[in-house]
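> just a sequence and a predicted model for now, questions to come.
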Amino acid sequence: MRKHAKYIHAWANGDEIEYRQKGSLNWIHTEQPMWDDTTEYRIKPEPEMTHFQRFTLYTNANEHRFDKLKGIVTVHPQYIVVGEILVRYVNDKAVEICNTNISEENL
């Protein structure tokens, strides 16, 4: 089987191909790959879509109230803001927490 068969098939099916000389750091787009044995090839990766989302962190102090008419205990959560975190997403997958601002006195 030919060394670059996987990439040749992908190119024939319309995928974009990039190449680089062995030892080089830069990938270069090519319309007409030469399929040289001393050259590395890859399918051009999809661009990473990165976005950030801020979340507010809360702690929950429950207050219980007895309802005499129904004979049940109702829980009323009261939320206290503890801090915020900033989460980085790549292609809609959370990959890291970038920044935290958490007040430990409220934990």
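Okay, I see it.

> going forward, measure contacts and count neighbours with C-alpha atoms only.
OK.

> shouldn't Arg20 be in contact with Asp37?
No. Using C-alpha atoms under 8 Å, Arg20 makes no contact with Asp37, being 11.4 Å away.

> who has more neighbours, the two?
Arg20 (16 against 12; other C-alpha atoms under 10 Å).

> can you tell me the SS state at the more buried one?
strand (DSSP: H, G, I helix; E, B strand; the rest coil).

> next one: the one 4 residues further on
In the three-state summary, Ser24 is assigned as coil, counting by three-state DSSP.

> now do His9
On the three-state scheme (three-state DSSP), His9 is labelled helix.

> that one and Pro47, how far apart?
21 Å (C-alpha to C-alpha, to the nearest Å).

> which one's more surrounded, those two?
Taking neighbours as other C-alpha under 10 Å, His9 and Pro47 compare with His9 leading, 11 against 8.

> would you confirm that Trp35 contacts His4?
Yes. Trp35 is in contact with His4 according to C-alpha under 8 Å; the separation is 6.7 Å.

> spit out the residues that contact those two alike.
Counting by C-alpha atoms under 8 Å, 6 or more residues apart in numbering, the shared contacts of Trp35 and His4 are Tyr41.

> pairing partners for the helix or strand containing His29, with directions?
Using DSSP states H and E, His29 sits within strand 28-30. Strand 28-30 has its sheet partners listed here by DSSP bridges as strand 17-21 (antiparallel).

> residues contacting Glu16?
So Glu16 contacts Ala10, His29, Thr30, Glu31, Ile43, Lys44 (C-alpha under 8 Å, 6+ apart).

> recalculate using a threshold of 7 Å.
Ile43, Lys44 (C-alpha atoms under 7 Å, 6 or more residues apart in numbering).

> neighbours of the residue lying closest to Leu86 once chain neighbours are set aside, how many?
Counting by C-alpha to C-alpha, 6 or more residues apart in numbering, Leu86 lies nearest to Arg54, which is 4.5 Å off, once chain neighbours are set aside. For Arg54, the count of nearby residues is 14 (other C-alpha under 10 Å).
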